[in-house]
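> Test case, fold it:
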Amino acid sequence: MTLTVMKKPVSPGVILIQVFLVFWAAIQLYPLFWLALFSLKDNSEIFGGNIAGFPKIPKWANYADALRQGGVLTYFLNSVFVSAVTIFLTLLLSSMAAYAITRMRWKYNKAAMMYLLLGMMIPVHAALLPLFIVLSKLKLLNSFPALIFPYVAFGLPLAVFILSGFLSGIPREMEESASIDGANIYRVFFSVILPLARPALATVAIFTYLASWNELMFAVTFISKRELKTITVGIMSMVGNYVTQWGPIGAGLMIATIPTIVIYILLSDQVQKSMIAGAVKG
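Next up is the predicted model:
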């Protein structure tokens, strides 16, 4: 005797939603697909009417030209260093601040939270001139700290806001049991709190990475030396005064896009867990 399992028919509404989501995903992915094709063409093909189609003969040499002659490799490594240090400092400082505000009892914790959140209301453009003057007096222009310090400062308010909401939902009994076992406050923070806050830390890391990796205004204002330029400013400087080779520029943009895709794929699960946890706590 065999049992047959009856499958429930899929409703037309679900089918329409799935079709819409596939269509929307195709729209979102097409610019990346177009950029990949664009990076394999030369000027004659781009301006010859084949700007959106497949390349007749893929010009893989565009990537070699971008990395060597265009200096994209140097710009890429500079952006990796600046973004990595920015993410590390932002995660460390914001997690410590959020822990102190949400888990400790002291008189001005709410005032400190409000003070940090006020930083989200300050436009980046309004801080450009004061930052330039301060960095100039400190002789930090044309150095990596000229980018790292402002990136961390502007990333802290949002990071503290996200982490505070997540840490407030962690049961205090976990800290109390760790304290009974002899763990001091630093051991509790690094061994108990941070492992539990990994989804929120991943969310902050992605937001901080996107803000620092794609930032242009500070990078073009505070850095003028070619060997210190980040990927955004470096690719912009590849545009010539008279003749511009657009194929290598497209290759450079493609190289600059790959880390964003890889990081999001690796951390997307953690971000979803953070969002779900926040929704359940809310």
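> Please make it C-alpha for all contacts and neighbour counts, starting now.
OK.
> Can you list the low-confidence ranges for the stretch 151-282 of the chain?
Within the stretch 151-282 of the chain, the segments meeting pLDDT under 70 span 241-243, 270-282.
> Do a quick rundown of the helices in it.
When assigned using DSSP state H, counting those that start in this stretch, the helices of the stretch 151-282 of the chain occupy the ranges 172-180, 185-188, 194-196, 198-213, 217-222, 231-236, 246-281.
> So for Phe38, which of the ones you listed sits nearest?
Of all the helices of the stretch 151-282 of the chain, helix 246-281 sits nearest to Phe38, with 6.1 Å by Cα to Cα.
> Tabulate the helices of the stretch 151-282 of the chain in a markdown table, adding columns for mean neighbour count.
A markdown table is the format used below for the helices of the stretch 151-282 of the chain (neighbours: other Cα atoms under 10 Å):
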| stretch | mean neighbour count |
| --- | --- |
| helix 172-180 | 13 |
| helix 185-188 | 14 |
| helix 194-196 | 14 |
| helix 198-213 | 22 |
| helix 217-222 | 18 |
| helix 231-236 | 22 |
| helix 246-281 | 17 |
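> With distance to Asp65 added, can I get those helices in JSON lines?
As requested, the helices of the stretch 151-282 of the chain are exported to JSON lines (distance: least, Cα to Cα, whole Å):
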{"stretch": "helix 172-180", "distance to Asp65": "55"}
{"stretch": "helix 185-188", "distance to Asp65": "49"}
{"stretch": "helix 194-196", "distance to Asp65": "43"}
{"stretch": "helix 198-213", "distance to Asp65": "22"}
{"stretch": "helix 217-222", "distance to Asp65": "23"}
{"stretch": "helix 231-236", "distance to Asp65": "12"}
{"stretch": "helix 246-281", "distance to Asp65": "6"}
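> what's the closest of those helices to Pro123?
The closest approach between Pro123 and any of the helices of the stretch 151-282 of the chain, judged by Cα to Cα, belongs to helix 217-222 at 12.3 Å.
> Could you measure from Ala159 over to Gly165?
Ala159 is 10 Å from Gly165, where distance means Cα to Cα, to the nearest Å.
> Just give the closest residue to Gly53, not the sequence neighbours.
What sits nearest to Gly53 in space, not counting adjacent residues and going by Cα to Cα, 6 or more residues apart in numbering, is Leu37, at 7.5 Å.
> returning to that earlier point: who has more neighbours out of Ala159 and Gly165?
Between Ala159 and Gly165, Ala159 has the larger neighbour count (other Cα atoms under 10 Å), namely 27 against 17.
> what's near enough to touch the more buried one?
Under the criterion of Cα atoms under 8 Å, 6 or more residues apart in numbering, the neighbours of Ala159 are Thr90, Leu91, Ser94, Ser95, Val204.
> repeat that for 7 Å
Remark: with contacts taken as Cα atoms under 7 Å, 6 or more residues apart in numbering, Ala159 is in contact with Ser94, Val204.
> The stretch 1-150 of the chain: helices as residue ranges?
Counting by DSSP H, counting those that start in this stretch, the stretch 1-150 of the chain forms helices over residues 12-38, 43-46, 61-68, 72-103, 109-117, 128-137, 145-167, given from the N-terminal end onward.
> wait, which of those helices is closest to Ile235?
Closest to Ile235 of these, according to Cα to Cα: helix 72-103, at 7.1 Å.
> Give the buried residues for that closest one.
The neighbour-count check on helix 72-103 (16 or more other Cα atoms under 10 Å) flags 72-76, 78-80, 82-87, 89-91, 93-103 as buried.
> about what we covered before: between the helices of the stretch 1-150 of the chain, which one is nearest to Arg226?
Closest approach to Arg226 among those is made by helix 72-103 (8.6 Å; Cα to Cα).
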